[in-house]
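**Q** can't give you the sequence, but here's the structure:
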């Protein structure tokens, strides 16, 4: 059990309220948590025993994490258990490993941001801190040692650095820290999945049967369903539904070879509503095919997923 976590998961009301909110909103597709300090962009796993995340998801994490390093000087993109320490039941571990949401924890502020470039005027942690306090904080961060009459211990001395020195940025650097981290959050949000439907081809196959082919593309880095969500069957699969008045859907599935339409993963039941547990991958595409019969002059294909906007496309037959 992680120290301070309570006797069981979500024992404390504050994390329980956050968890309840997230579970009630399955459309959440990105999570960002903030701690201080250290200048880190952290992802799971929190424990070595969990094993590595699926490669497809690691590629997404790596892309966003390295972008974050460029946007947040002196921050490092890190794996929690390997580069920091073991965390049992951490927040971003639960949101990804339990819910399949791409999640980061940013540790705000890094002492290297005091000077921002080399060479430093002095070397050594304490010397650097004293120099910065003297020259740029006008000694606001340090309390001179002075005698004090303690009610229990008698004569003592009080002084030294104030409690927040080293854990949070100086006031004049707060705006930059918040600006950079807020923009990293927006970059994370911009990577959330966006599905488009297009490139429709309708082919007459004879005996009143037609083949409808179309491509579903995810334009962004985060998949509509992470590999972790698909593996654990967390949430609900993506769906592609074909409807048309007077139209009978005979078969449907996902084409596995763009050049050979006969190579198709047919769905056994309800071919008019194709289920896709793996969703649409990072900047990926799906080639869908339906075989239909009927006198309808049009049909509508609808995409629905928990983490992406609903999309509809009307097809002329």
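**A** Received it, and whenever you're ready, just let me know what you need. None of these values were measured; they are calculated from a predicted model.
**Q** pLDDT weak spots in this protein?
**A** Applying pLDDT under 70 to the chain flags residues 1-2, 118.
**Q** ok, residue 263 to residue 115 distance?
**A** In this structure, residue 263 and residue 115 are 60 Å apart, going by CB to CB, to the nearest Å. No exception for glycine: its C-beta is placed from N, CA and C like everyone else's.
**Q** What of residue 67?
**A** From residue 67 over to residue 115 (counting by CB to CB), the distance is 24 Å.
**Q** got the contact list for the nearest residue to residue 295 once chain neighbours are set aside?
**A** Excluding its sequence neighbours, the residue lying closest to residue 295 (CB to CB, 6 or more residues apart in numbering) is residue 246, at 5.2 Å. The contact partners of residue 246, by CB atoms under 8 Å, 6 or more residues apart in numbering, come to 294-296.
**Q** Quick one: these as CSV, columns for distance to residue 229 and neighbour count too.
**A** CSV is the format used below for these (distance: CB to CB, whole Å; neighbours: other CB atoms under 10 Å):
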residue, distance to residue 229, neighbour count
294, 36, 17
295, 40, 10
296, 35, 16
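**Q** Is residue 130 part of a helix or strand, or is it coil?
**A** The three-state label given to residue 130 by DSSP: H, G, I helix; E, B strand; the rest coil is helix.
**Q** Count the residues that sit near the closest residue to it other than its chain neighbours.
**A** Spatial nearest neighbour of residue 130, chain neighbours left out: residue 142 (7.5 Å); criterion: CB to CB, 6+ apart. Other residues lying near residue 142 total 16 when counted by other CB atoms under 10 Å.
**Q** can I assume residue 142 is in contact with residue 161?
**A** Yes: counting by CB atoms under 8 Å, residue 142 does reach residue 161; the two are 5.6 Å apart.
**Q** Quick check: neighbours shared by the two?
**A** With CB under 8 Å, 6+ apart as the test, residue 142 and residue 161 both reach residue 133.
**Q** sorry, back to before: contact partners for the residue nearest to residue 130?
**A** Counted by CB under 8 Å, 6+ apart, residue 142 has contacts 130, 133, 159-162, 165.
**Q** With respect to residue 28, which of those is nearest?
**A** residue 165 (35.9 Å; CB to CB).
**Q** End to end on stretch 203-216, go ahead and measure it.
**A** Separation of the first and last residues of stretch 203-216 by CA to CA, to the nearest Å is 18 Å.
**Q** Buried residues, that stretch. List them.
**A** Neighbour-count burial for stretch 203-216 flags 210-216 (criterion: 16 or more other CB atoms under 10 Å).
**Q** Check the residues you listed against residue 178 and report the nearest one.
**A** residue 216 (37.8 Å).
**Q** looking at it, that closest one is touching residue 288, isn't it?
**A** Yes: applying CB under 8 Å, one finds residue 216 in contact with residue 288, separated by 6.3 Å.
**Q** shared neighbours of the two, anything?
**A** Common neighbours of residue 216 and residue 288 (CB under 8 Å, 6+ apart) are residue 240.
**Q** what are the ranges of the helices in the protein?
**A** Along the chain, counting by DSSP state H, helices occupy 13-23, 55-71, 91-93, 125-136, 171-190, 227-232.
**Q** so what does the second one touch, helix or strand wise?
**A** The helices and strands touching helix 55-71, judged by 3 or more CB pairs under 8 Å, 6 or more residues apart in numbering; DSSP states H and E, are strand 40-43, strand 76-79, strand 102-108, helix 171-190, helix 227-232.
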